[in-house]
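Visitor: What would the 3D arrangement of this be:
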Amino acid sequence: MVGVSAVALAATAPGQTAAISAFIDPMTENLGISRSAISTAYLIGTLIGAAAMPLVGRALDRFGTRATMAVIGAVFGTVLLGLAAVSGLVGLTAGFVGVRMAGQGALGLTATTAVAVWFTRRRGLALGLVSATGAACISLAPIGLEALISATSWRTAWAVEGVAVWLIVVPLALFGVRNDPASLGQRPDGEQVTDAAAPAAPVGRTLGEAVRTPFFWVVVSGVAVSGMLSTAVAFHQIDLLGERGLSAGAAAANFLPQTVASLLATLAIGALVDRVNSRWLTSACMLALTAGLLWGTSVDPGWSAIGFGVLIGASGGAIRTLEAGAFPRYFGTTHLGTIRGVVAAVSVGSTAFGPVAFAVVHDATDGYGAALLGGAALPLLVALAALVLPTPTLPAPPAPTPEDGPMPPVDAAPTVDPLPPVDDSPVVTEEFGSAPATAGRPQAEPG
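Guide: Numbers count the residues shown, from 1 in each chain. The predicted structure is shown next:
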């Protein structure tokens, strides 16, 4: 399942900003649309696409990963083929809505949620591997697209992407994905079902219960702040580092240490999220982002610029992996798609505002220093909140009946971590006004 999800995450590349950036200049020239108009269309597309993520999350819980991914792949490929035929701003805006919704948001959400359902003890490590592999492929996409557009045209490149998504994602979903381990007679982490260890019913919080925990909002705030500020820095990076004395080539090359740092941080957080209380990891991610933004106010050519890129890249990759691994640990898998759909909406939507905010501050102050300093305060606040607020606990599984025999372990974080214990402050159990969600949800039909 790790390999299948990694391929699906890599297939989100046509909907990611890095890949779309390769089309902006040729489309601007060919369609006669200004850069500001295309930027506005992209902003609208990102916001509308983000609004659909909660619906995608509910579909995952109701219909399962297999059917949901197949539909997303079909829609995503169709939208990419439609972009090959656009002739004006209205069609371009509609296309941006589709690729941001289906590509960056829905397909990525489905791929990472599938991994979370199939693993428990090694969930973080599996998510780290999937995220790192997907990010590496996404980072290489602009290189291939630049060559393809130069050899053919931007219309041909959109069409090639659409056909590729159809040929990769749809068959992958139909023949490579199963909704849960029970459909293959297994338990999470690949364990075989025996008489002594029958499949366990999933356990988890509802969305309503999750949003009443402080931890939910701490992580969501971290994802939003990271998405907004990391995208802002990437969008203005050439100009931002140019003000600090770097050439355009050196400023563009700074994406390389960012990518490498993001991959390494993704793997590291994936391994640690299974062992370390997420409050410390969230705080570390946010402090790295704060340090990177502050560094950006005084960065110089050379090693200083590399350090800036490492901090910015590491913080972005780490917080996304932390959310994907921590939420099933603390909220279970019963309503995981619905809960993570809300997070995906915030994550995608936040990326629309950062570039605009930095541009407004730059125009008002004739520089990026004030934007970097102001932005650094946001992750610092999230880091402090993560240290102070408690992490939640899962509801207890239902007591076994005499006919059931011994109650097998559930697909959730154990009360006592099987890995070496971590010294942490006392955990405060969250209280809710309503009764805990009972285990069990309708399972999608095994494929």
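Visitor: show me what contacts Ile20?
Guide: Residues counted as contacts of Ile20 (C-beta atoms under 8 Å, 6 or more residues apart in numbering) are Pro14, Tyr42, Phe96, Val99. The C-beta positions use only the backbone N, C-alpha and C, and glycine is treated the same way.
Visitor: Hmm, the third one is touching Thr40, no?
Guide: No. Here Phe96 lies out of contact with Thr40, judged by C-beta atoms under 8 Å, at a distance of 10.0 Å.
Visitor: Show me which of the two is the more surrounded one.
Guide: Between Phe96 and Thr40, counted using other C-beta atoms under 10 Å, the more crowded position is Phe96 (24 against 14).
Visitor: For that one, give its distance to Leu89.
Guide: In this view, Phe96 and Leu89 are 10 Å apart by C-beta to C-beta, to the nearest Å.
Visitor: Could you double-check that Ala250 sits in contact with Ala305?
Guide: Yes. With contacts counted by C-beta under 8 Å, Ala250 reaches Ala305, the gap being 7.0 Å.
Visitor: which of the two has more neighbours?
Guide: More crowded of Ala250 and Ala305, by other C-beta under 10 Å: Ala305, with 22 against 15.
Visitor: contacting residues for the more buried one?
Guide: Leu241, Arg244, Leu246, Ala250, Asn254, Val299.
Visitor: now Arg340
Guide: Applying C-beta under 8 Å, 6+ apart, the residues near Arg340 are Gly57, Leu109, Thr112, Thr113, Glu323, Ala324, Phe327.
Visitor: quick one: which helix or strand includes it?
Guide: Element membership for Arg340 (DSSP states H and E) is helix 336-350.
Visitor: Packing partners of the following helix or strand past that helix?
Guide: Once the chain leaves helix 336-350, the next helix or strand it forms, by DSSP H and E, is helix 354-365. With contacts defined as 3 or more C-beta pairs under 8 Å, 6 or more residues apart in numbering; DSSP states H and E, the secondary structure elements packing on helix 354-365 are helix 214-235, helix 369-388.
Visitor: Which of the ones you listed has the lowest mean pLDDT?
Guide: Ranked on mean pLDDT, the bottom entry among the helices and strands packed on helix 354-365 is helix 214-235, at a mean of 89.
Visitor: Next, the angle helix 336-350 makes with it.
Guide: 40 degrees (axes from the mean of the first three to the mean of the last three C-alpha atoms, to 10 degrees).
Visitor: now helix 214-235 against helix 369-388, angle please.
Guide: 160 degrees.
Visitor: I'd like to know which elements the next helix or strand after helix 214-235 is packed against.
Guide: Per DSSP H and E, the first helix or strand lying C-terminal to helix 214-235 is helix 237-242. Contacts defined by 3+ C-beta pairs under 8 Å, 6+ apart place helix 237-242 against helix 248-253.
Visitor: helices or strands up against the helix it packs on?
Guide: By 3+ C-beta pairs under 8 Å, 6+ apart, helix 248-253 packs against helix 237-242.
Visitor: Which of the residues in the helix it packs on are classified as buried?
Guide: In terms of neighbour count (16 or more other C-beta atoms under 10 Å), helix 237-242 has its buried residues at Gln237, Ile238, Leu240, Leu241.
Visitor: Apart from its neighbours in sequence, what residue is nearest the third one?
Guide: Spatial nearest neighbour of Leu240, chain neighbours left out: Tyr368 (4.8 Å); criterion: C-beta to C-beta, 6 or more residues apart in numbering.
Visitor: for the helix holding Arg340, what is the average pLDDT?
Guide: 83.
Visitor: Looking at the contacts of Ile20, spot the one nearest Ala151.
Guide: Pro14 (17.6 Å; C-beta to C-beta).
Visitor: The residue nearest to Ala352 when sequence neighbours are not counted and Gln104, how far apart?
Guide: If the residues on either side of it in the chain are set aside, Ala352 comes closest to Thr46, at 4.2 Å by C-beta to C-beta, 6+ apart. Distance from Thr46 to Gln104, counting by C-beta to C-beta: 8 Å.
Visitor: shared neighbours, these two?
Guide: Joint contacts of Thr46 and Gln104 (C-beta under 8 Å, 6+ apart) are Val348.
Visitor: relative to helix 214-235, how tilted is the helix or strand encompassing Gly313?
Guide: With elements taken from DSSP H and E, the one containing Gly313 is helix 303-331. Computed with the same axes, to 10 degrees, the direction of helix 303-331 lies at 150 degrees from that of helix 214-235.
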